[in-house]
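Trainee: sequence? don't have it. structure:
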């Protein structure tokens with residue numbers, strides 16, 4: 001952490017001697033620490049020597065929350081209207097690399113609404129399913145080779161079962177989580193294309209299953225999310 005603080009304090013970058021002096025450690029130890037931080041992508045330096053700066057990817061992590069807030073601010077009026085229409089929480093997710101994460105959410109103005117969580121796995125989330133369903137075969141093969149947690153007895157963890165579910169999801173145009181991770185919880189998500197062939201964003205609803213489906217059919221929920229998606233694409237498509 002102290003090395004990161006040193007690196008973040010200057011645009012020119014820090015030298016090996018800066019780390020040794022600043023942390024009061026031997027030069028050999030400072031050298032090993034810098035090498036490891038380059039290896040994992042925290043720092044970068046020309047030819048692995050000279051001045052070290054925060055890597056672009058690592059520096060970007062510090063701005064991720066701000067970028068998410070700005071992105072969701074443009075979606076919030078439409079998300080709020082959909083949340084009030086369904087009486088449930090509307091959420092927006094983004095896929096970066098292999099990770100699907102939360103951008104923002106809006107609870108209904110009346111009622112509490114559920115929190116959508118911050119992670120959306122390929123096998124047990126509506127957003128994860130719909131976004132992964134558009135990835136190419138090589139990416140999907142690598143993802144399905146990873147172990148997946150069996151949260152409940154209804155959670156699919158077999159690679160072929162997950163693949164078959166993703167094919168169904170893509171055909172019908174939306175992903176569903178039906179008590180596969182959380183008991184009594186239902187979520188649905190649709191992709192946002194915004195001029196792209198492969199979507200990076202998805203918008204969804206999370207609710208107590210009985211409450212939502214007692215008031216709306218699955219088709220009505222889908223249509224509401226599609227209307228919301230259409231509004232967002234109008235504003236996000238270049």
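Mentor: On my side now, so go ahead. Please read all numbers here as calculations on a predicted model, not as lab measurements.
Trainee: Let me see the domain layout of this structure.
Mentor: Domain assignment of the chain by automatic domain parsing yields the ranges 2-61, 64-236.
Trainee: most packed of the ones you listed?
Mentor: domain 64-236 (a mean of 18; mean count of other C-beta atoms under 10 Å). C-beta coordinates here come from the backbone N, C-alpha and C atoms, glycine included.
Trainee: Make JSON lines out of the domains of the chain and add mean pLDDT.
Mentor: JSON lines is the format used below for these (pLDDT from 0 to 100):
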{"stretch": "domain 2-61", "mean pLDDT": "85"}
{"stretch": "domain 64-236", "mean pLDDT": "95"}
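Trainee: How about the secondary structure of the closest residue to residue 88 other than its chain neighbours?
Mentor: Closest residue to residue 88 apart from its sequence neighbours, by C-beta to C-beta, 6 or more residues apart in numbering: residue 207 at 3.9 Å. Under the three-state scheme (DSSP: H, G, I helix; E, B strand; the rest coil), the conformation of residue 207 reads as strand.
Trainee: residues in contact with the residue located most distally from the centre of the chain?
Mentor: The outermost residue of the chain relative to its centre, with distances by C-alpha atoms, centre = their mean, is residue 26 at 40.1 Å. Applying C-beta atoms under 8 Å, 6 or more residues apart in numbering to residue 26 gives the contacts residue 20.
Trainee: Need phi/psi at it.
Mentor: Phi and psi for residue 26, reported as degrees, to the nearest 10, are phi -60, psi 150.
Trainee: Next, work out how far apart it and residue 20 are.
Mentor: Spatial separation of residue 26 from residue 20 under the definition C-beta to C-beta, to the nearest Å is 7 Å.
Trainee: that older thread, now do the same contact list for the residue nearest to residue 88.
Mentor: Under the criterion of C-beta under 8 Å, 6+ apart, the neighbours of residue 207 are 86, 88-89, 113-114, 185-187.
Trainee: Swap in 7 Å and give it another go.
Mentor: With contact set as C-beta atoms under 7 Å, 6 or more residues apart in numbering, residue 207 has these partners: 88, 114, 186.
Trainee: got it, and residue 83?
Mentor: Counting by C-beta under 7 Å, 6+ apart, residue 83 makes contact with 89-90, 106-108, 113.
Trainee: Okay, and it sits in which element?
Mentor: When secondary structure is defined using DSSP states H and E, the element that contains residue 83 is helix 64-86.
Trainee: Find the residue at the geometric middle of this protein.
Mentor: Geometric middle of the chain (C-alpha atoms, centre = their mean) lands on residue 101, at 1.6 Å.
Trainee: So it, which state does it fall into?
Mentor: At residue 101, secondary structure determined by three-state DSSP is strand.
Trainee: For residue 222, which non-adjacent residue is spatially closest?
Mentor: Nearest non-adjacent residue to residue 222 (C-beta to C-beta, 6+ apart): residue 174, at 5.6 Å.
Trainee: phi, psi of the one you found?
Mentor: phi -150, psi 150.
Trainee: Could you check how far it is from residue 206?
Mentor: As defined by C-beta to C-beta, residue 174 lies at a distance of 14 Å from residue 206.
Trainee: show me where the chain has strands.
Mentor: Per DSSP state E, the chain has strands spanning 43-44, 53-54, 89-96, 99-106, 175-178, 185-192, 201-208. These are given in chain order.
Trainee: Just give the strands next to the third one in its sheet, each with its orientation.
Mentor: Okay, so that is strand 89-96. For strand 89-96, the pairing partners within the sheet under DSSP bridges are strand 99-106 (antiparallel), strand 201-208 (antiparallel).
Trainee: I'd like these as TSV, with distance to residue 37 appended.
Mentor: Compiled in TSV, those are given as follows (distance: least, C-beta to C-beta, whole Å):
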stretch	distance to residue 37
strand 99-106	21
strand 201-208	32
